[in-house]
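**Q** sequence first, then the predicted structure, then my questions.
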Amino acid sequence: MSFSMLRFVSVLSLMSLFQASPVLAQENKLQQQIQPLAANSLVLDIVNNQNALVAVGERGHAFIYRDSWRQVPTPTQALLTKAFFITPDKGWAVGHDATILHTIDGGMSWKLQMQSQEIEKPFLDILFFTEQHGVAVGAYGLFYRTIDGGKTWNSEYHQELLFEEDVAYLEELKAEDEALYLSERSTLLPHFNRIIHATDNTLIMVGELGLVATSKDQGKNWLKQDFLYEGSLFNASIVGDTAFVMGLRGNIFKSDLSLVDWEKVSLPVDSTINAGIRLGEGRLRLVGNAGVIIDISATGESQLVEQRQGENLVAIAEDSEGNLWVAGNKGLIKLEQK
């Protein structure tokens, strides 16, 4: 999508007018999306693709940063929630209406790989293992896999992540009412909020209802951890040999890379924590609601670095010059060096 440039209609050829009409209609839609103040609106993710920063957010907005932020066109107006790059050029973004976008030029342009308003669930994260093999996850257990670079996406249902009582309930329901069974089945799994590599061979996924699950076969099978917290977890980060999971009301927990024994970490505030980035060796910078920015060591010592009034911060990334950028309800903001 791009700005509508000069609109030229030849009065000498009525046929030219009809041929141009679809293009003009498309340009009008793109002009509605490309907005001067879009970088100050809701932005939900920033990622570093080695060559640049790429950010995504509301109304299908996508941005790329080299020397400055520039909005780039996308083929959707759905809220975009996460982005991921497997190479500096090849990446994906996901969002509402089960939307999956793909880029092969580092985020300068995007093509639609999947979208379905009928699914009525958002994708909340995406992870690729190779240029061909990846998974996208989201609300109510939404889980899709591709093995051909996103040309086709196939749904998976991970019943192993249900509560035991829900498994029994579904088994009874399936024997009594197939239609109701399918309806209930689609809503009983928790939201899958984040999926990352914990180690080269292990994935960790976190979500609603204290979900912490691990997989050693690229997400084909999952082991649900007996976790000590039942609230929502929104993100996970690895710092050296320590894993952190974070979520509502300042709840953050750490473990070694066995990902079995978890310990609660005390924070100086109880704001919801949405994301983190590793800074050097053994330090994690967290961002969250109420504009909190917190540094935490691998040993669990924490310090409030800054609190930005009126802001909810949901993502953080580092550019090629070492500057930190945050994203949230007020768009894209560069942090002052501390």
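**A** Everything's here; your move. Residues are numbered from 1 along each chain as shown.
**Q** pretty sure residue 65 sits against residue 53.
**A** Yes. Applying Cβ atoms under 8 Å, one finds residue 65 in contact with residue 53, separated by 4.0 Å. (Each C-beta comes from the backbone N, C-alpha and C, glycine too.)
**Q** overlap of the contact sets of those two?
**A** 319, 325 (Cβ atoms under 8 Å, 6 or more residues apart in numbering).
**Q** let me see the contact set for residue 94.
**A** Applying Cβ under 8 Å, 6+ apart to residue 94 gives the contacts 80-83, 100-101, 122-126, 136, 138.
**Q** for the closest residue to it other than its chain neighbours, list each beta-bridge partner.
**A** In space, and not counting its chain neighbours, residue 94 is closest to residue 123: 3.5 Å by Cβ to Cβ, 6 or more residues apart in numbering. Counting by DSSP bridges, residue 123 forms beta bridges with residue 138.
**Q** residue 123 touches residue 80, doesn't it?
**A** No. The pair residue 123 and residue 80 does not pass the contact test of Cβ under 8 Å, sitting 9.2 Å apart.
**Q** overlap in contacts, these two.
**A** 94, 95, 96, 99.
**Q** how about the CA coordinates for stretch 277-286, as PDB?
**A** Only the C-alpha atoms of stretch 277-286 are listed here, as PDB (Å, rounded to 0.1, in the frame of the first residue of the first chain):
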ATOM      1  CA  ILE A 277      15.400  -7.400  26.200                       C
ATOM      2  CA  ARG A 278      18.800  -8.700  27.200                       C
ATOM      3  CA  LEU A 279      21.300  -6.000  27.900                       C
ATOM      4  CA  GLY A 280      24.900  -7.200  27.800                       C
ATOM      5  CA  GLU A 281      25.700 -10.200  30.000                       C
ATOM      6  CA  GLY A 282      23.300 -11.100  32.800                       C
ATOM      7  CA  ARG A 283      20.900  -8.200  32.600                       C
ATOM      8  CA  LEU A 284      17.300  -7.900  31.400                       C
ATOM      9  CA  ARG A 285      15.400  -4.700  30.800                       C
ATOM     10  CA  LEU A 286      11.700  -5.000  31.200                       C
END
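**Q** and what about the residue nearest in space to the middle of the chain, helix, strand or coil?
**A** For the chain, the residue nearest the mean C-alpha position is residue 82 (2.6 Å; Cα atoms, centre = their mean). What DSSP: H, G, I helix; E, B strand; the rest coil gives for residue 82 is strand.
**Q** isn't it up against residue 127?
**A** No. Counting by Cβ under 8 Å, residue 82 does not reach residue 127; the two are 9.3 Å apart.
**Q** can you map out the strands along the stretch 201-338 of the chain?
**A** 203-207, 212-215, 223-224, 233-239, 242-247, 252-256, 263-265, 273-278, 283-288, 292-297, 302-307, 313-318, 324-328, 331-334 (DSSP state E, counting those that start in this stretch).
**Q** out of those strands, which gets nearest to residue 162?
**A** Nearest of the strands of the stretch 201-338 of the chain to residue 162, taken as Cβ to Cβ: strand 223-224 at 8.7 Å.
**Q** show me what the mean pLDDT comes to for that closest one.
**A** Across strand 223-224, pLDDT averages out at 96.
**Q** got it, and stretch 263-276?
**A** pLDDT averaged over stretch 263-276 gives 96.
**Q** list the buried residues for that stretch?
**A** 265, 267, 269, 271, 272, 273, 274, 275, 276 (16 or more other Cβ atoms under 10 Å).
**Q** which residues are in contact with the second one?
**A** In this case it means residue 267. 250, 252, 273, 294, 296, 302 are the contacts of residue 267 under Cβ under 8 Å, 6+ apart.
**Q** just the buried ones among those, please.
**A** Here, 16+ other Cβ under 10 Å leaves 250, 252, 273, 294, 296, 302 buried among these.
**Q** what's the farthest-apart pair in these?
**A** 250 and 296 (11.3 Å).
**Q** picking that back up, to residue 183, which of the strands of the stretch 201-338 of the chain lies closest?
**A** strand 203-207 (20.8 Å).
**Q** list the buried ones in the closest one?
**A** Neighbour-count burial for strand 203-207 [16+ other Cβ under 10 Å]: 203, 204, 205, 206, 207.
**Q** which pair of those residues spans the longest distance?
**A** 203 and 207 (13.0 Å).
**Q** what is the neighbour count of the residue nearest to residue 94?
**A** Residue 123: 28 surrounding residues under other Cβ atoms under 10 Å.
**Q** same thing with residue 66?
**A** For residue 66, using other Cβ under 10 Å, the count is 12.
**Q** got it, and residue 147?
**A** The burial count for residue 147: 14, using other Cβ under 10 Å.
**Q** I'd like to know how far it sits from residue 130.
**A** Distance, residue 147 to residue 130, using Cβ to Cβ, to the nearest Å: 9 Å.
**Q** kindly report the same for residue 258.
**A** With Cβ to Cβ as the criterion, residue 258 and residue 130 are 26 Å apart.
**Q** list the buried ones in whatever helix or strand residue 169 lives in?
**A** Element membership of residue 169 [criterion: DSSP states H and E] is helix 164-176. Counting neighbours by 16+ other Cβ under 10 Å, one finds that the buried residues in helix 164-176 are 169, 170, 173.
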